[in-house]
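Participant: predicted structure and sequence below. I'll ask about it afterward.
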Amino acid sequence: MRERQTDAMLQVRNMVKYFPIRGGVFRRTVGWVQAVDKVDFDVYEGETFGLVGESGCGKTTAGMTLMRLYNASSGQAWFKDRDLLSLKGNALRNLRKEIQMIFQDPYSSLNPRMRVKNIIAEGARTHHIIPQGSSANEYVADLMKKVGLSADHMYRFPHEFSGGQRQRIGIARALAVQPKMIVCDEAVSALDVSIQAQVINLLKKLQTEFHLTYIFIAHDLAVVKHISDRIAVMYLGKIVETSAKKELFDRPMHPYTKALISAIPVPNPEAKRQRIILTGDVPSPINPPSGCRFHTRCPIAKEICSREEPTFEEKRPAHFVACHFSE
Amino acid sequence: MRGDEDMENPLLQVKDLKTYFRTEDGLVKAVDGVDFEVFPGKTLGIVGESGCGKSVTSLSIMRLLDEKGYVAGGEVLFSGQDLLKLSEPKMRKIRGNDIAMIFQEPMTALNPVYTVGDQIMEAVALHQKKSQSQSRKVAIDMLQKVGIPNPEKRVDEYPHELSGGMRQRAMIAMSLSCNPKVLIADEPTTALDVTIQAQILDLMRGLQKEFGMAIIMITHDLGVIAETADHVVVMYAGKAVEYTDTRTLFKDPRHPYSWGLMNALPRLDLDQESLYNIPGIVPDPLSFPTGCKFHTRCPFLEPICKEEEPPLKDVGNGHLARCFFIEKVMEARRKSKAGERV
C-alpha cells in the first residue's frame, strides 16, 4: 500500500469491493466476485485521471464505490481530509454535492417522466443552491447554455432529445450542484464519433471554466489518451499500471498495457506496427488466477508469476507497475 | 477504374441500391443510392455512423429485409445475375452458401437451443449435400480452423457455454463452412473487447488468405477499416458519399464528412490539441434535408448545396466523392497541415 500524500485531492488506498454470490435454499454466500481488489491511486486537483480496462476489469465498480453507490468491502478513499468510504448520513449527502457522476447510457440515466428543467434543478434545490421558493429558470437556462443546449427546451422531456443532447443534460445535471470532482463513467461510449467529439470538447471546456477534476472511466484507450493527464490501467480488479499519459504511451511497462495499446486499430493504413495478440479470454473475477492475475495470458510469464502476486511499485518516477518482470 | 485491378472482374457489384421502409410515420429512405464493387480475395469496407444505412445495405444484398422494407431500385449483380430478381428458392441456394454473413452480436445470431455443431452441420448438410458424419467432420475441422480449443468437445456445446470471443469464432466457422465467395461481416468485433477484437481481426485476415473469399466489412470504426479494408465506401444518411481505396481515403479524403470524421476521432498515434467538431446531429431519416444530405452540418456550405443533390463523381483515378466543392476540403486540409507544422 502506498503512503498517503498530502497534495492529492483524492487518495484511494487498498479499496476492495467484493460482491457475494448467493446460492442454495438459504441464499448463503457461496463465493465472491472480486470486482475491485486492493486498488491504490491518487487524483490531483484540476486534472483528468483516466481509468481504463476491458469489460469486467472493475473500472465501473471502482467509480460506483467511490460515489458510494456501492459500499466498499474495505479500504479508504481520502477526499481532502475525509474518508469518503466511511461517511454516513448528512456527511455523505454533503459529499455528493462535491463529487458528481455522469453515466454511460443517456437513455436510462434520465427520468423519462421529468422535464429537463426539473432534472437539472433537482440536485441544486436539494443542496440549497437555488433558494427555496425562488424560480430555477435562470439558473437552469444558464447551465443549459453552458453545455450547448437551447434554454427554450427546458420544458421538454428527455425523449425529445438525441443521444448526444441527453448526455449534455446529464452533464448539466452534474454541474448544477457546483461539484469539485466529476466521475465520468463511459460518458461518451454510446455516442457516434461526430457526437463523441462534441461531448469530449465540451467536457474539456467545462473543466477549464469551472476548474473541475475528472475521473474518466472508459474502455476506449484513444479517448482516454485524448482527455486524461494521468492514466491507470485495470485488469481483473487490479490496477496494473499508473503513470502520466505521455510516459504511459511512450514507455508502457506492464505486458498487459503493451498488448492493449498494440491491439487498438489505428486509423492510418500506412502505420506499420508490431502487434501483440494475447491468447485466450479474460478469466472470471470469481476465481481469479493465483499470483499475478494476468499470468494466464501473459507473453512473458514465468513460474513465479503463478505463485506470487507482484507488488505495485514505483519503477520509474511517478510510474507505478505491478509486474515481476517489467523493464 | 482502380489501376491494376482492372484485370480482374468484380465478384459482386452493387449499383445505385435503394432500400426504403414503410413506417407508420412515413417513408424511410434508409439506403438511397449506394454503389460499390467487391473483388475476390479483397476486403471492401463500409463505414458510417448509426443510421447511415450500412447494415441495411448488407441485409438488402442478402435479401433479409423485414416485411416493412423493400428494395426500391438498383441492382446487386453476383456472377452475372441480379440477386434482387431471383426467386426465393434460388436465393436460398446462394444465401449461406455463396454469400455468408456474420453479425455483431453472436449470442442473438446463434440459436440457443441447438449446439454449435448442429448449427454448422445444418448449413453443410443443406448446401453441400453431405451425410451426418461427414458434416460433423467438417464442423470439427472448421472449429479447429477458427482457433477454438478442443473442437471435438466444443462441437457439442451450446452457444451460452462459450465466451463472447469464442461465439464470434463459432459464428465465423459456421459462415465459412460452405466455403463462400463473399463474406459479409456486420460490425463483427463491435461487441468485443479490444484484445479479443485483435484476435478476431487477425483470424479473419488469416482465413481470407487461406480461403480467398471477398469480405464486406461493415463498421463504424475507422481504425478497423484502416487495418482490414482494401477499398472503402463512406456512407452518410443513406448515400455513399465517398468511395476509393483505403490509403487514398485516409491520405486524401475529399468529402467534407469523411474529412470531418477523421479529425473528430481521438487518435493513439497523434497528439491532438482538440478534436474537430462536426456541428449538429445526424438528420432524422423521416425528414432528410433537401439537396446534399450533409449540408446542414457542412462547414463549406454554398447556396447550391441546399437545392441540388451532388452526384457521386470521379475526382481522379477512380476516386469518387459526392460533393460540389471538393477543392474546399483540399484547401482546408492543406491549411490544417501547415498549421500543425508551425
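Facilitator: Great, that's in hand.
Participant: mind checking the longest helix of chain B?
Facilitator: Ranked by number of residues, the top helix in chain B under DSSP state H is helix B:194-211.
Participant: list the buried residues in that one.
Facilitator: For helix B:194-211, the neighbour count (16 or more other CB atoms under 10 Å in any protein chain shown) marks B:Val194, B:Thr195, B:Ile196, B:Gln197, B:Ala198, B:Gln199, B:Ile200, B:Leu201, B:Leu203, B:Met204, B:Leu207, B:Gln208 as buried. To be clear about C-beta, it is placed using only N, CA and C from the backbone, and glycine gets the same treatment.
Participant: the last one against B:Gly41, yeah?
Facilitator: Yes - in this structure, B:Gln208 is within contact of B:Gly41 by CB atoms under 8 Å, at 6.8 Å.
Participant: tell me the secondary structure at the residue of the stretch 1-150 of chain A found nearest chain B.
Facilitator: Nearest to chain B in the stretch 1-150 of chain A, going by CB to the nearest CB, is A:Glu54, at a distance of 3.9 Å. State at A:Glu54, reduced to three classes by DSSP: H, G, I helix; E, B strand; the rest coil: coil.
Participant: where does the most centrally placed residue in chain B sit: helix, strand or coil?
Facilitator: The residue lying closest to the centre of chain B (CA atoms, centre = their mean) is B:Ile218, at 2.2 Å. Counting by three-state DSSP, the backbone at B:Ile218 sits in strand.
Participant: that one and A:Met15, how far apart?
Facilitator: Going from B:Ile218 to A:Met15 by CB to CB, to the nearest Å gives 41 Å.
Participant: rewinding a little: so who does the residue of the stretch 1-150 of chain A closest to chain B touch?
Facilitator: Residues in contact with A:Glu54 (CB atoms under 8 Å, 6 or more residues apart in numbering or on different chains) are A:His219, A:Tyr235, A:Leu260, A:Val282, B:Asp193, B:Val194, B:Thr195.
Participant: among those, name the least confidently predicted one.
Facilitator: Here the lowest pLDDT out of the contacts of A:Glu54 sits on A:Val282, with 87.
Participant: gap between it and chain B?
Facilitator: Using CB to the nearest CB, to the nearest Å, A:Val282 is found at 7 Å from chain B.
Participant: now do A:Pro310
Facilitator: Taking CB to the nearest CB, one finds A:Pro310 at 20 Å from chain B.
Participant: that residue against A:Cys323, yeah?
Facilitator: Yes - using CB under 8 Å, A:Pro310 makes contact with A:Cys323 at a distance of 5.2 Å.
Participant: what's the overlap in contacts for those two?
Facilitator: Common neighbours of A:Pro310 and A:Cys323, using CB under 8 Å, 6+ apart, are A:Cys292.
Participant: more crowded one of the two?
Facilitator: A:Cys323 (24 against 21; other CB atoms under 10 Å in any protein chain shown).
Participant: returning to what we had before: now do the residue nearest to the centre of chain B, the pLDDT please.
Facilitator: 97.
Participant: pretty sure it sits against B:Ala185.
Facilitator: Yes - counting by CB under 8 Å, B:Ile218 touches B:Ala185, with 6.6 Å between them.
Participant: from B:Asp221, how far off is the closest residue to chain B within the stretch 201-327 of chain A?
Facilitator: Nearest to chain B in the stretch 201-327 of chain A, going by CB to the nearest CB, is A:Pro265, at a distance of 3.1 Å. From A:Pro265 over to B:Asp221 the distance is 7 Å, taken as CB to CB.
Participant: the two: who's more crowded?
Facilitator: A:Pro265 (24 against 21).
Participant: helix or strand: which one has the nearest residue to the more buried one once chain neighbours are set aside?
Facilitator: Leaving aside its chain neighbours, A:Pro265 sits nearest to B:Gly223 (3.1 Å; criterion: CB to CB, 6 or more residues apart in numbering or on different chains). Using DSSP states H and E, B:Gly223 maps to helix B:222-228.
Participant: show me what that helix is packed up against.
Facilitator: Applying 3 or more CB pairs under 8 Å, 6 or more residues apart in numbering or on different chains; DSSP states H and E, we find helix B:222-228 packed against strand B:43-47, helix B:194-211, strand B:214-219, helix B:246-251.
Participant: helix or strand right after the shortest one?
Facilitator: Read in the C-terminal direction, the helix or strand following strand B:43-47 is helix B:54-62, with elements assigned using DSSP H and E.
Participant: what residues does the stretch 201-327 of chain A have near chain B?
Facilitator: A:201, A:204, A:219-223, A:225-227, A:249, A:259-271, A:275, A:277-279, A:281-282 (CB under 8 Å from any CB of the partner chain).
Participant: list only buried entries from the residues you listed.
Facilitator: A:201, A:204, A:219-223, A:225-227, A:249, A:259-269, A:278, A:281-282.
Participant: which one of the contacts of A:Glu54 is nearest A:Asp7?
Facilitator: A:Tyr235 (28.0 Å; CB to CB).
Participant: wait, that closest one touches A:Gly53, no?
Facilitator: Yes - the pair A:Tyr235 and A:Gly53 passes the contact test of CB under 8 Å, sitting 6.0 Å apart.
Participant: quick one, which of the two is more surrounded?
Facilitator: Under the criterion of other CB under 10 Å, the comparison of A:Tyr235 against A:Gly53 puts A:Gly53 first, with 28 against 25.
Participant: excluding covalently adjacent residues, which one is nearest to that one?
Facilitator: Nearest non-adjacent residue to A:Gly53 (CB to CB, 6+ apart): A:Met234, at 3.6 Å.
Participant: contacts only, for the one you found.
Facilitator: A:Val39, A:Leu51, A:Val52, A:Gly53, A:Cys57, A:Gly58, A:Lys59, A:Ala62, A:Val240.
Participant: relative to B:Trp259, which of those residues is nearest.
Facilitator: B:Trp259 lies nearest to A:Val52 out of the contacts of A:Met234, by CB to CB, at 28.4 Å.
Participant: how many neighbouring residues does the residue nearest to the closest one when sequence neighbours are not counted have?
Facilitator: Nearest residue to A:Val52, sequence neighbours excluded (CB to CB, 6+ apart): A:Val224, at 4.6 Å. Using other CB under 10 Å, A:Val224 has 25 other residues around it.
Participant: now swap in A:Arg22 and tell me
Facilitator: 11.
Participant: got it, and B:Leu84?
Facilitator: 17.
Participant: next one: B:Gly33 from chain A, what distance?
Facilitator: Plainly put, B:Gly33 is 21 Å away from chain A if you go by CB to the nearest CB.
Participant: shouldn't that residue be within a strand?
Facilitator: Yes - counting by three-state DSSP, B:Gly33 is found in a strand.
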